[in-house]
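> Below are the sequence and a predicted model; questions follow.
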Amino acid sequence: MRPFNREQAFRRVLLRALDSSLLFLAPYFVIFLLFKLGPIIANFLVSAYRLDIVGGGEFIGLKNYHHLLTDRLFWVALRNTLYYLVLVGPVVIIGGFLLALLLNQPLRGRAFARAAVFMPYVIMVTVVGALWRWILESRFGILNYYLGLLGIGPVYWLTSSSTAMIGIVIATVWWTIGYNTVIYLAGLQDVPRELIEAAEIDGAGPLRCLTQVIVPFLRPTTFFVVLTTVIYSLQVFGQVYTMTGGGPRYSTLTLVQHLYVTGFRLFNLGYSATISVVLFIVILVMSAGVFGFLRQNVE
Amino acid sequence: MRHFGRIAVHIIIVGVIIGTLLCAGLVSAASPTAIKFWGGWTGPDRFGMEKIVTNFIKENPDIRVQFFTAPWTEVFTKFGTTFGTSAGPDLLAMHVADISQFASRGMLLPVEDIAAQNKIQASDFPPSVWQGQFYKGRQYGIPLDYHPMAIYKNVDLFKKAGLDPNITFDSKEEFINALKKLTVKDSSGKIVQYGIAIGSNHPHTMRYWYSLLFQAGGSFLNESGTKAAFNSEAGVKALQFLHDLIYTYKVAPTHESDIDKDFLTGRVATLIEGPWWVPGIKEQKGLQATVAPFPKIFEKPAVWAGSHTLTLPKQANKKKLDAAIKLLNYIIAHSVDWGAAGQIPASKSVIASEAYKNLVDYKYYKTFIDQADTIRYEPLMVQNASFGSDNQMSPVLNAIFAVILNEKTPKEALDEAAEEVNAILE
């Protein structure tokens, strides 16, 4: 038996590690650190500066945060963003689940329907915006035409400050519900047949089966779906920017648009970073809430 | 054997690398000066500019031009991040309203001397357009074009209403009477065609109001540019007029969402738009339109206008700067092609040239040219990026929407907006 040599052992371990996983991961991590994590950390620092597109900026401590408190549009944007989440969240989560249940049935044309539900999700956001501007057009849009046949309307989807957000929500639901549906479909396929059969033998009807067997079994899936929906919804921007530009009368102005305009149009990069830090905190708190609420059930 | 193979591979790789570097070196030594020209045109006008640039490259084989165009905000973002590096533009187009943004940050080169050396003179441009090139007493831009608004009229709908399609609107009464005749109801009393459209979430609405504000003798800011002045009697009167078109005279639809499309499809009979729209109406089959100056509603004619201008970002490379100046000169001198794409060339000599007058659409453009003396720019100051019509978060724009949506009175809305503008100006 050879005497134990610390240095050699260490080298061996290091080499083995380098040889395999770390080496393969390195390219990703270099890029991740440089272009993702680095900027995120830098963003916190930038929020303490008065920073322009030229020059090194000036350290101003928490002044940007102080300004935030008195910035009327920040509060409008925050309220709108949360309002959007409240409208979109339940629909794409519950709706996505119900669609998945439907598409999990052995129906004719199921493959086509699955593709049709998911397809909108791969469309570029600007196209979604342009498309729904036409559909939601108040006088001659196709949606109001059909509503008119039912004796409803006209609804000024995107040009009234009371309904503009709902117009955005309709477009977003169409665009993103397919993602949640696919996640739920995958989850549903994991539900063991035996479990359902056992429940049926024990006398459970379809509804009982759903609420007592399937839904509890899908809790990890639900956790994932709720979490991603919350995170994505709080970052809403593209479809709003192309459909209403935040208007009319700030009724669809969201946090990301506020920081985008502040940063890239007014070149007030420090304040823009401040808004994004606050958005980060909002997302963190909400995610923690979701985590705390759903996790104990998951485990 | 294996060992030998590995050495061979190394030799090949090193050889390829060295070869590539050598070739690159040779190419760059013999290559022409490469410059970048950035603009923000995404409509049909971009093809007009592409044509000019292509012709320039043909005539100047020693200069290579990379023309890049994307929405303005993106262009400016890129400009900000590439400024001071070789990746940035050597010639940059913008609106006069943007000059202050970049001039105040020291990103643009003052161009008085360059203009003088290249015989680009104030006398060749309408005074109102030339004056827009200055920021704090220094000139930063060479005017490429200017775009006031004018009113497009649907010839068929005018004839049906018993109106002369060639009329101009010289008073409030004339205008309203015509619009009333152009507003048509079906047998059930439902309005199926309106006289005009006022967008309820469109920056043009603020530009209409801006024109009318000056027509009524008002101004946007006070003389020294330190306080809002638009919540005056004139401002209120101007906004009340737009409101009345919708709610009192009922010649414009409420909650209007697409003024352009509604005009193109004959749902409204007139449309106030810029000259860039001329090529657009010709593409619509079955639509015949004429153009008249922006309606004169109050005491004196005035019309909102924007203007594209060419600027030179500061840079250390003299060769590139010279090439950029050469291109700038060429574009101004050959802006007939720019005119053909729907913009009004700023150069008087270009406008007076036979080539320009022979453009098929000259009869339309003439109306815009004739308004040159009455144009009003938005304030040429950094803060205009916050409250100008271009920014959808502008407090003024949104105050106007509030009135157009009948959610606030003009006085109330403008007073609130004035307060916010004052805060921005502080």
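That came through, no problem.
> Chain A contacts on the stretch 151-300 of chain B?
Proximity of the stretch 151-300 of chain B to chain A (CB under 8 Å from any CB of the partner chain) is limited to residues B:200-201, B:253-258, B:262, B:265, B:267. C-beta here means a position set from N, CA and C on the backbone, and glycine is covered the same way.
> Show me the two of those residues that sit farthest apart.
Across these, the longest distance by CB to CB is 19.2 Å; it joins B:Asn201 and B:Thr265.
> Secondary structure added to the residues of the stretch 151-300 of chain B next to chain A, as TSV?
Shown next, in TSV, are those (DSSP: H, G, I helix; E, B strand; the rest coil):
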residue	secondary structure
B:Ser200	coil
B:Asn201	coil
B:Pro253	coil
B:Thr254	coil
B:His255	coil
B:Glu256	coil
B:Ser257	coil
B:Asp258	coil
B:Asp262	helix
B:Thr265	coil
B:Arg267	coil
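> now these as JSON lines including neighbour count?
Below are those laid out as JSON lines (neighbours: other CB atoms under 10 Å in any protein chain shown):
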{"residue": "B:Ser200", "neighbour count": "27"}
{"residue": "B:Asn201", "neighbour count": "29"}
{"residue": "B:Pro253", "neighbour count": "24"}
{"residue": "B:Thr254", "neighbour count": "18"}
{"residue": "B:His255", "neighbour count": "22"}
{"residue": "B:Glu256", "neighbour count": "24"}
{"residue": "B:Ser257", "neighbour count": "26"}
{"residue": "B:Asp258", "neighbour count": "23"}
{"residue": "B:Asp262", "neighbour count": "23"}
{"residue": "B:Thr265", "neighbour count": "13"}
{"residue": "B:Arg267", "neighbour count": "19"}
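> Switch those over to JSON lines; also include distance to B:Glu112 and pLDDT.
Below are these laid out as JSON lines (distance: CB to CB, whole Å; pLDDT from 0 to 100):
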{"residue": "B:Ser200", "distance to B:Glu112": "44", "pLDDT": "93"}
{"residue": "B:Asn201", "distance to B:Glu112": "41", "pLDDT": "92"}
{"residue": "B:Pro253", "distance to B:Glu112": "49", "pLDDT": "95"}
{"residue": "B:Thr254", "distance to B:Glu112": "50", "pLDDT": "94"}
{"residue": "B:His255", "distance to B:Glu112": "49", "pLDDT": "92"}
{"residue": "B:Glu256", "distance to B:Glu112": "44", "pLDDT": "92"}
{"residue": "B:Ser257", "distance to B:Glu112": "45", "pLDDT": "89"}
{"residue": "B:Asp258", "distance to B:Glu112": "43", "pLDDT": "89"}
{"residue": "B:Asp262", "distance to B:Glu112": "45", "pLDDT": "92"}
{"residue": "B:Thr265", "distance to B:Glu112": "48", "pLDDT": "90"}
{"residue": "B:Arg267", "distance to B:Glu112": "49", "pLDDT": "93"}
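> Dump those into JSON lines; add distance to A:Gly245 as well.
Listed next are these as JSON lines, based on distance: CB to CB, whole Å:
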{"residue": "B:Ser200", "distance to A:Gly245": "12"}
{"residue": "B:Asn201", "distance to A:Gly245": "7"}
{"residue": "B:Pro253", "distance to A:Gly245": "20"}
{"residue": "B:Thr254", "distance to A:Gly245": "19"}
{"residue": "B:His255", "distance to A:Gly245": "16"}
{"residue": "B:Glu256", "distance to A:Gly245": "15"}
{"residue": "B:Ser257", "distance to A:Gly245": "12"}
{"residue": "B:Asp258", "distance to A:Gly245": "13"}
{"residue": "B:Asp262", "distance to A:Gly245": "19"}
{"residue": "B:Thr265", "distance to A:Gly245": "23"}
{"residue": "B:Arg267", "distance to A:Gly245": "23"}
